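Novice: pasting the structure only:
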């Protein structure tokens, strides 16, 4: 089985888990890593450049590669989020070719296929991974997202931006003045 067979989006998403018996669960262990309570100044996003399906094992490999760079250089001073959830069930009608295989295959008879994995549908410009870091760690965020994009089946774009302060944080930073 090749991953390129499932990369392109052809039909509607197949998510009817009532009919697919025994599909494998997604390999992604965690979707959010790092310090969820800290305030960060810089946000790096990994954006998709084409419409594609990404298999759950590719998402997990990208998560591990991105997280490894962040853990090595920043320990726990970051926040990383994997956005797409692999809910599309991938099926395969296994065909055996070669010597003595003529007795095993049925051709297109009962060709519904067995579930072999799951995938996430990603649109153009959709965020795949978000990394939030302090202002001093911009290069680390870029490097980690570059390593993660190498594990995905498409070319990705890395966008770095400043995080806007929320109105509550702005009010806390400004001292109150009394008027008479």
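Specialist: Now that the structure is in, tell me what you want to look at. Fair warning: this is a prediction, and the values are worked out from it, not measured in the lab. Numbers count the residues shown, from 1 in each chain.

Novice: Buried residues in the lengthiest helix in the chain, which are they?
Specialist: If you go by DSSP state H, the chain has its longest helix at helix 56-74. Across helix 56-74, burial judged by 16 or more other Cβ atoms under 10 Å covers 56-63, 65-67, 69-70, 73-74. All C-beta spots, glycine's among them, are computed from the backbone N, C-alpha and C.

Novice: Need the contact partners of it.
Specialist: For helix 56-74, contacts defined as Cβ atoms under 8 Å, 6 or more residues apart in numbering pick out 3, 26-30, 33-34, 46, 78, 80, 82, 84, 86, 117-120, 128-129, 131, 133, 137, 140-141, 143-145, 147-153.

Novice: Could you do stretch 109-125 as well?
Specialist: Everything outside stretch 109-125 that qualifies as a contact, by Cβ under 8 Å, 6+ apart, is 1, 6, 9, 13, 20-26, 47-57, 59, 84-94, 128, 154.

Novice: try 7 Å
Specialist: Here stretch 109-125 makes contact (Cβ atoms under 7 Å, 6 or more residues apart in numbering) with 1, 6, 9, 13, 20, 22-24, 26, 47-56, 59, 84-93, 128.

Novice: Give me the buried subset of those residues.
Specialist: 6, 9, 20, 26, 47-48, 52-56, 59, 84, 86, 88-90, 128.

Novice: Could you tell me which of those belong to strands?
Specialist: 47-48, 52-55, 88-90, 128 (DSSP state E).

Novice: Looking at the residues you listed, which one is closest to residue 159?
Specialist: Nearest to residue 159 among these, counting by Cβ to Cβ, is residue 47 at 5.9 Å.

Novice: got a list of what that closest one touches?
Specialist: Counted by Cβ under 7 Å, 6+ apart, residue 47 has contacts 125-127, 156-157, 159.

Novice: likewise residue 54?
Specialist: By Cβ under 7 Å, 6+ apart, residue 54 lies in contact with 84, 119-120, 122, 152-153.

Novice: Distance check, it against residue 132.
Specialist: Look at residue 54 and residue 132: by Cβ to Cβ, to the nearest Å, they are 22 Å apart.

Novice: Right, I'll leave it there.
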